[in-house]
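> I would like the atomic coordinates for the input below:
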Amino acid sequence: MRLLGAALALALAGLCPASFAAGSSVASAAAASAASAPGAAGSSLALPARKGLQDPMERLRERLAEKLAGGGKADGAGPGLVRVVSRSSGPAGSSAASAPSQPAAQRQGKSSASTKRSGETPHWDYQGPGGPEHWGRLGPEFATCASGKRQSPIDIRDGIKVQIDPVQFDYRASGFRVVDNGHTVQVDVGAGNAISVLGRRYELQQFHFHRPSEERIAGRQFAMVAHLVHKADDGRLAVVAVLLEQGPAHPIVQAVWNNLPLDRGEDVAARTSLDPGALLPEDRSYFTYMGSLTTPPCSEGVLWMVMRQPVSVSPEQIGVFARLYPMNARPIQQASGRLIKESD
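Numbering: from 1, shown residues only. Sure thing, here's the model as predicted:
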């Protein structure tokens, strides 16, 4: 207000410095208004403003208010009262506080897009938000877990006893590595192990464990199960399931436990060899049906062969696995009328 009063005094007295007059349109506008008024005698104060013309003092007051307010619009609601309307309330309808939000939103959008482009596999588990009941909704790549019609595991019932060719096992002692992959203990075996069934040869890729058994026979569940996963040249998969029940210790299982890695995600290359055939039961009769992987992405078209006779593992051996994975079995899925054959 002191500045406003000083500027008014200088303008009215004609003592405004030349630099102020040159740098502001306020003084020039006041002078022009005074000079153009008829009957002016050197000062706009000598005569009142004519009807329809703005009082030069009022105009000067408004211009000075604009200057002092940084360009805001003055609202002369009354003598000596200046109201300044903020620029932020203009037609754009945006406030100063909201202005920085747009770059932040853009950054957030870029971050989300980057996450989607990364192509990371959704996290899944056996309980909680990533549990089996949610697998099909974790990502489009897991949709078959919910929509598939031939999912595994199943409760094996009403098998048709027929004469089917025995599985030809071509297993031999070979090197192996033990991996704790965060979902189970997996054993990667050396090349040269395979099975032949239904006129096709499948190479053994790995075997791993579940607790309790995923498959059931007429409602009976076992302490654990070993899944031996095979792959043919055309990409087809075949899994041999060996049911494990409590009893004497099993030497193959112990050889695996002896080489367990200390941390998840690590693997240990064993210094000894392992014969996968020693994991099989003496009785090689089996149930067979078409199913899926029992873990995401739950791909179907998998040939299953479940050995009818279980093999034994000791309570201590079961306890070792239970410390790592107390439960890593997918719940039973609907058989959905699929054909199950049983070798006689």
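> Please identify the buried residues of stretch 153-165?
Residues of stretch 153-165 classed as buried: Pro153, Ile154, Ile156, Gly159, Ile164 (neighbour count, 16 or more other Cβ atoms under 10 Å). Any C-beta I mention is one placed from the backbone N, CA and C, and that applies to glycine too.
> list the contacts for Leu244?
Contacts for Leu244 (Cβ atoms under 8 Å, 6 or more residues apart in numbering) come out as 209, 213, 222-226, 250, 253, 310-313, 318.
> Buried subset of the residues you listed, written for ChimeraX?
Buried members of the contacts of Leu244, defined by 16+ other Cβ under 10 Å, are picked up in ChimeraX with:
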select :209,213,222,223,224,225,226,250,253,310,311,313,318
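> Now pLDDT, distance to Gly265 and secondary structure too, for the contacts of Leu244, in JSON lines please.
As requested, those are exported to JSON lines (pLDDT from 0 to 100; distance: Cβ to Cβ, whole Å; DSSP: H, G, I helix; E, B strand; the rest coil):
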{"residue": "Phe209", "pLDDT": "98", "distance to Gly265": "17", "secondary structure": "strand"}
{"residue": "Ser213", "pLDDT": "98", "distance to Gly265": "26", "secondary structure": "coil"}
{"residue": "Phe222", "pLDDT": "98", "distance to Gly265": "28", "secondary structure": "coil"}
{"residue": "Ala223", "pLDDT": "98", "distance to Gly265": "26", "secondary structure": "coil"}
{"residue": "Met224", "pLDDT": "98", "distance to Gly265": "22", "secondary structure": "strand"}
{"residue": "Val225", "pLDDT": "98", "distance to Gly265": "23", "secondary structure": "strand"}
{"residue": "Ala226", "pLDDT": "98", "distance to Gly265": "22", "secondary structure": "strand"}
{"residue": "His250", "pLDDT": "98", "distance to Gly265": "26", "secondary structure": "coil"}
{"residue": "Val253", "pLDDT": "98", "distance to Gly265": "22", "secondary structure": "helix"}
{"residue": "Pro310", "pLDDT": "98", "distance to Gly265": "31", "secondary structure": "coil"}
{"residue": "Val311", "pLDDT": "98", "distance to Gly265": "29", "secondary structure": "strand"}
{"residue": "Ser312", "pLDDT": "98", "distance to Gly265": "31", "secondary structure": "strand"}
{"residue": "Val313", "pLDDT": "98", "distance to Gly265": "25", "secondary structure": "strand"}
{"residue": "Ile318", "pLDDT": "98", "distance to Gly265": "24", "secondary structure": "helix"}
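> quick one on the thing from earlier: out of the buried residues of stretch 153-165, which are inside strands?
Among the buried residues of stretch 153-165, the members found in strands (DSSP state E) are Ile156.
> Break the chain down into its domains, please.
Taking automatic domain parsing as the reference, the chain has its domains at 2-86, 144-343.
> Which of the ones you listed sits closest to Gln127?
Across the domains of the chain, Gln127 has its closest neighbour in domain 144-343 (7.5 Å, Cβ to Cβ).
> that older thread, adding distance to Thr295 as columns, could you present the contacts of Leu244 in TSV?
TSV is the format used below for these (distance: Cβ to Cβ, whole Å):
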residue	distance to Thr295
Phe209	13
Ser213	15
Phe222	19
Ala223	20
Met224	16
Val225	13
Ala226	15
His250	23
Val253	21
Pro310	22
Val311	23
Ser312	26
Val313	22
Ile318	21
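> give the contact list for Ala194.
Asp170, Tyr171, Arg201, Tyr202, Glu203, Leu204, His230.
> and the last one, helix, strand or coil?
Meaning His230. Recorded secondary structure, His230: strand (DSSP: H, G, I helix; E, B strand; the rest coil).
> tell me the contacts of it?
Applying Cβ under 8 Å, 6+ apart to His230 gives the contacts Ala194, Ile195, Tyr202, Glu203, Leu204, Gln205, Leu237, Ala238, Val239, Val240.
> do you know how far it is from Gln168?
His230 sits 12 Å away from Gln168, going by Cβ to Cβ, to the nearest Å.
> shared neighbours of the two, which are they?
By Cβ under 8 Å, 6+ apart, His230 and Gln168 have these common neighbours: Ile195.
> where in the protein is pLDDT low?
Along the chain, segments meeting pLDDT under 70 span 1-119.
> And the helices in it?
For the chain, the helices defined by DSSP state H cover 2-13, 18-23, 25-36, 56-68, 101-117, 144-147, 251-257, 315-324.
> re earlier: how about the domains of the chain, which one is nearest Asp125?
Smallest distance to Asp125 across those (Cβ to Cβ): 8.0 Å, for domain 144-343.
> burial measure for the nearest residue to Ser343 once chain neighbours are set aside, as a count.
Once flanking residues are discounted, Ser343 sits nearest to Ser285: 4.5 Å by Cβ to Cβ, 6 or more residues apart in numbering. By other Cβ atoms under 10 Å, the residues close to Ser285 number 15.
> For Ser285, give me its contacts.
Applying Cβ under 8 Å, 6+ apart, the residues near Ser285 are Met307, Arg308, Gln309, Glu342, Ser343, Asp344.
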